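[1] just the structure for this:
(chains A and B)
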2 protein chains.
Amino acid sequence: MKYLIASLAAASFISAVAQQTIFDHNSIVSPEINADNSVTFRFYAPKAAEVRLLADCLEPSANNLMSRDSVGVWSLTTPQLDGELYCYSYLVDSVRINDPSNVYRVRDIATTFDMLIIDEGVGEIYKVGDVAHGNISKVWYSLPSDKRSRRMTIYTPPGYADNSGKSYPVLYLLHGMGGDENAWSELGRAAQILDNLIASGKVEPMIVVMPNGNMAQTAAPGESAAGMTVPTGMLPRTMDGSYESTFPELVEFVDSHYNTIAEKSARAIAGLSMGGFHSMQISKEYPDMFDYVGLFSAAVLPREDAQSEVYKNIDDKLALQFEKAPRLYWIGIGKDDFLYNANVDYRKRLDDRNFKYIYHESDGGHSWRNWRKYLTEFTPLLFK
Amino acid sequence: MKYLIASLAAASFISAVAQQTIFDHNSIVSPEINADNSVTFRFYAPKAAEVRLLADCLEPSANNLMSRDSVGVWSLTTPQLDGELYCYSYLVDSVRINDPSNVYRVRDIATTFDMLIIDEGVGEIYKVGDVAHGNISKVWYSLPSDKRSRRMTIYTPPGYADNSGKSYPVLYLLHGMGGDENAWSELGRAAQILDNLIASGKVEPMIVVMPNGNMAQTAAPGESAAGMTVPTGMLPRTMDGSYESTFPELVEFVDSHYNTIAEKSARAIAGLSMGGFHSMQISKEYPDMFDYVGLFSAAVLPREDAQSEVYKNIDDKLALQFEKAPRLYWIGIGKDDFLYNANVDYRKRLDDRNFKYIYHESDGGHSWRNWRKYLTEFTPLLFK
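    Residues are numbered from 1 along each chain as shown, chains lettered A, B, ... in the order given. Below is the predicted model:
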């Protein structure tokens, strides 16, 4: 049998891809996180004329030109970096490509980035910790008013599967335009953030429901019968009121299929960008449903031009929502976000009426780096 | 609000990656599946000297040199292709890279391939069908003899979540060396195969349990606290008997946490390569546990040199297993597989003792193309 194991491990096959290349060892190590938390990126391209690093760990003004060694390996070492999840690509003779030495990639709508985590600071919250883990499920469901089978992602906390007698609060966590039910669990590191913050005692164990907010999709691209294309623009039925008006049916599905605490004090809703818009609309439309609301870089202006009843009489509905005193109404936005002024206007609307909220202003703009951080700041405030 | 939606959809940001590029529309369409099921691959690289297509849809002898147009777009159109799931990469001036226009990629251990499906023939079984879908869950568990928290993938069939009174048979589906708990659901398209074959009435609704067979891993690379490295060789404790000897505890976990029919007639075990070896060993070690056994390109020779009791007295144990007459013992192998002769030897061992099995010989070798097909051929034979 020894010879078989050797064959399995070392097998060299006829074609590069027709057969399984069991250990296709790429001798280029990239990215390499150095002891001082600088990172060395490497890319082998002996015939390229110019290779640049596109990376959110570089300052916009930094030199991103990689250096070629005599063999043809291009490399660049960054300064010491803060703990974070960073994304990057290479620009090889003006063509953006992924790092062939790194299998960790995240899809952001129609673009794929290479990924690395420096596990200090927030990076320690984003990495897979040596802690108890919750389970992630991809769940198909249909609603009384929408018979299509649609897909959502559900996080159940550690212990959920064992303690069948225990019930949990629920956070509904919504993605932005162009995103889907995979966005928060993949780009957003939601499971890792919850696992790590629950383990440290900062966050209450909770179920997190991550639905698909695009009414024109039943699931993420490639995960439905619609096939393997990605949206290249705004989808039909985006922000037309139908997602908001069917949301109570989704809550009812979750309450009837999971061990939830089915009451306002145990429900939160939060979302980024379009998902912040949705969270604002849904929470004011159903003022007895959510005691915790989070607007992350939200597209918060009401659609007063739209036909749906959902977008009418906003001020009256907000008044009713705040009269019922939600335990938390949290607004987070980056100073450089293109929605910054829209959030200034929305806060003024709340301030003018003396509606209470918590405001969190961060550096940066309309980015997953902020949304991940907002999740780490918002979830410790829930269900306490 | 209209201006905001326009901003969201068209927003152009400061940095290529620091901000979310909401619709980073890549104007190159690749791959394009043409009406006649030929496929056109395109890659924009105006400064490249040579671009080749590495693809398992090309014959090994086919010309894989792509042609450059005046703008710098390299392209190649294949002949008409059969329905299949195909993998490919580009070789750009001798450097293997992924297609930047295609976000559909599969990781095979340490290598990432671009993917496409032609949805005829078996392709119709691999695509996401317009059918009822089962749910995929990533489940953490620990066992009495192994307190580590380890991860497995579980498929529950359509209706499972609703019919809490109904119990289901279980297929344990094992990966090969270097693979992990993601292999069958991602490379193997297990959920799509089961969904489509259940919908067509060819396969009984069943639970599919896809554990991690590497005792040195608690989960796939990047999914455990071990961090984001991929194995570059055989892991410790691979095929040392400990996976086999703790398997009954895994079965007990599944039976106690899921609505299973907890009896031999409702349990199957199958695996590819190392997973075929595991399936052979486990099924003979516990002859009252599985009525259905599938060996896909299995590394079937017993490890008579090994220390574990699991690998001793193979003939006696096989005799006991076959005396109890499993309902199905299925062996599949490709004519070009490097394990072909090992399977000839193993079949002779069974034949000499008049042990009954079904033998399926296919074209091709040690490849996921074969293992997906074997799954479509094996599952219709189960639990009937």
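
[2] contacts for stretch A:355-366?
    By CB atoms under 8 Å, 6 or more residues apart in numbering or on different chains, the surrounding residues in contact with stretch A:355-366 are A:273, A:297, A:318, A:322, A:325, A:328-339, A:347, A:350, A:370, A:373-374, A:377, A:381, B:11, B:13-14, B:18-20. For glycine as for every other residue, the C-beta is placed from the backbone atoms N, C-alpha and C.

[3] list the contacts for the residue of the stretch 151-300 of chain A found nearest chain B?
    In the stretch 151-300 of chain A, the residue that lies nearest chain B is residue A:225 (3.9 Å; CB to the nearest CB). Residue A:225 makes contact with A:218, B:127-131, according to CB under 8 Å, 6+ apart.

[4] mind checking which of those are buried?
    Neighbour counting over the contacts of residue A:225 (16 or more other CB atoms under 10 Å in any protein chain shown) leaves A:218, B:127-129, B:131 as the buried ones.

[5] just the helices in the stretch 151-300 of chain A please.
    Chain-ordered helices for the stretch 151-300 of chain A, with DSSP state H, counting those that start in this stretch as the definition, fall at A:183-186, A:190-199, A:242-245, A:247-257, A:274-285.

[6] I'd like to know which elements the fourth one is packed against.
    Based on contacts counted as 3 or more CB pairs under 8 Å, 6 or more residues apart in numbering or on different chains; DSSP states H and E, the elements that helix A:247-257 packs against are strand A:135-143, strand A:146-156, strand A:170-174, strand A:207-210.

[7] quick one: strands adjacent to the third one?
    The partner list of strand A:170-174 in its sheet, established with DSSP bridges, is strand A:207-210 (parallel), strand A:267-272 (parallel).

[8] which one of those strands is the most hemmed in?
    Stretch with highest mean neighbour count among those: strand A:267-272 (a mean of 30; mean count of other CB atoms under 10 Å in any protein chain shown).

[9] relative to helix A:274-285, how tilted is that one?
    Using axes from the mean of the first three to the mean of the last three CA atoms, to 10 degrees, the interaxial angle of strand A:267-272 with respect to helix A:274-285 works out to 150 degrees.

[10] give me the residues contacting strand A:267-272.
    Residues lying outside strand A:267-272 but in contact with it, judged by CB under 8 Å, 6+ apart, are A:169-176, A:179, A:206, A:213, A:251, A:276-279, A:282-283, A:289-298, A:328, A:330, A:371, A:374-375, A:378, A:382-383.

[11] before we move on, back to that, need the helices of the stretch 151-300 of chain A in TSV with mean neighbour count and mean pLDDT, can you?
    What follows is these, written out as TSV (neighbours: other CB atoms under 10 Å in any protein chain shown; pLDDT from 0 to 100):
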stretch	mean neighbour count	mean pLDDT
helix A:183-186	25	98
helix A:190-199	22	98
helix A:242-245	20	95
helix A:247-257	17	97
helix A:274-285	27	97
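
[12] tell me the pLDDT at the residue of the stretch 151-300 of chain A closest to chain B?
    For residue A:225, the model assigns a pLDDT of 94.

[13] is residue A:148 in contact with residue A:218, as I believe?
    Yes. Contact criterion CB atoms under 8 Å: residue A:148 and residue A:218 qualify, at 5.4 Å.

[14] turn the strands paired with strand A:170-174 into CSV, columns for mean pLDDT.
    Shown next, in CSV, are those (pLDDT from 0 to 100):
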stretch, mean pLDDT
strand A:207-210, 98
strand A:267-272, 98
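
[15] so residue A:241 touches residue A:306, yeah?
    Yes. Residue A:241 is in contact with residue A:306 according to CB under 8 Å; the separation is 6.6 Å.

[16] looking only at neighbour counts, state which of these two leads.
    Comparing residue A:241 with residue A:306 by other CB atoms under 10 Å in any protein chain shown, the one with more neighbours is residue A:241, at 19 against 15.

[17] partners of the helix or strand hosting residue A:41, with directions?
    Following DSSP states H and E, one finds residue A:41 within strand A:39-44. Paired neighbours of strand A:39-44 in the sheet (DSSP bridges): strand A:32-33 (antiparallel), strand A:73-77 (antiparallel).

[18] and the next helix or strand past it?
    Using DSSP H and E, the helix or strand that follows strand A:39-44 towards the C-terminus is strand A:51-55.

[19] contacts for whatever helix or strand comes next after that following strand next, please.
    Read in the C-terminal direction, the helix or strand following strand A:51-55 is strand A:67-68, with elements assigned using DSSP H and E. With contact meaning CB under 8 Å, 6+ apart, strand A:67-68 is reached by A:48, A:51, A:74-76.

[20] tell me the average confidence for strand A:67-68?
    Mean per-residue pLDDT for strand A:67-68: 98.

[21] so what's the gap between it and the chain middle?
    Chain-centre distance of strand A:67-68: 34 Å, with CA atoms, centre = their mean, to the nearest Å.

[22] quick one: strands adjacent to that strand?
    The pairing partners recorded for strand A:67-68 under DSSP bridges are strand A:73-77 (antiparallel).

[23] can I get the partner strand as CSV, trimmed to CA atoms?
    Only the C-alpha atoms of strand A:73-77 are listed here, as CSV (Å, rounded to 0.1, in the frame of the first residue of the first chain):
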residue,chain,number,x,y,z
VAL,A,73,9.5,36.9,-9.8
TRP,A,74,7.9,40.3,-9.2
SER,A,75,7.6,41.2,-5.5
LEU,A,76,6.6,44.1,-3.3
THR,A,77,6.7,44.2,0.5
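
[24] next, the angle strand A:51-55 makes with it.
    Counting by the same axes, to 10 degrees, strand A:73-77 lies at 40 degrees to strand A:51-55.

[25] and strand A:73-77, which residues are buried?
    Taking 16+ other CB under 10 Å as the neighbour-count basis, strand A:73-77 is seen to contain the buried residues A:73-76.

[26] quick one: contacts of that strand?
    With contacts defined as CB under 8 Å, 6+ apart, strand A:73-77 is touched by A:28, A:34, A:38-45, A:48, A:51, A:53, A:64-69.

[27] tell me which helix or strand of chain A sits lowest on mean pLDDT?
    Lowest by mean pLDDT, DSSP states H and E among the helices and strands of chain A is helix A:2-10, with a mean of 47.

[28] nearest to residue A:107 among the buried ones among the contacts of residue A:225?
    Each of the buried ones among the contacts of residue A:225 was checked against residue A:107 using CB to CB; the closest is residue B:128, at 16.2 Å.

[29] what helix or strand is the closest one on?
    With the criterion set as DSSP H and E, no secondary-structure element contains residue B:128; it sits in neither a helix nor a strand.

[30] quick one: contacts for it?
    Contact partners of residue B:128, counting by CB under 8 Å, 6+ apart, are A:219, A:222-225, A:227, B:192, B:195.

[31] could you redo the last one with a cut-off of 7 Å?
    When contacts are counted by CB atoms under 7 Å, 6 or more residues apart in numbering or on different chains, residue B:128 touches A:223-225, B:192.

[32] then residue A:370?
    The contact partners of residue A:370, by CB under 7 Å, 6+ apart, come to A:297, A:334, A:362, A:364.

[33] so which of the residues you listed is the closest to chain B?
    Once CB to the nearest CB is applied, the member of those that ends up nearest chain B is residue A:364, at 7.6 Å.

[34] the closest one and residue A:370, how far apart?
    Applying CB to CB, to the nearest Å, the value for residue A:364 to residue A:370 is 5 Å.
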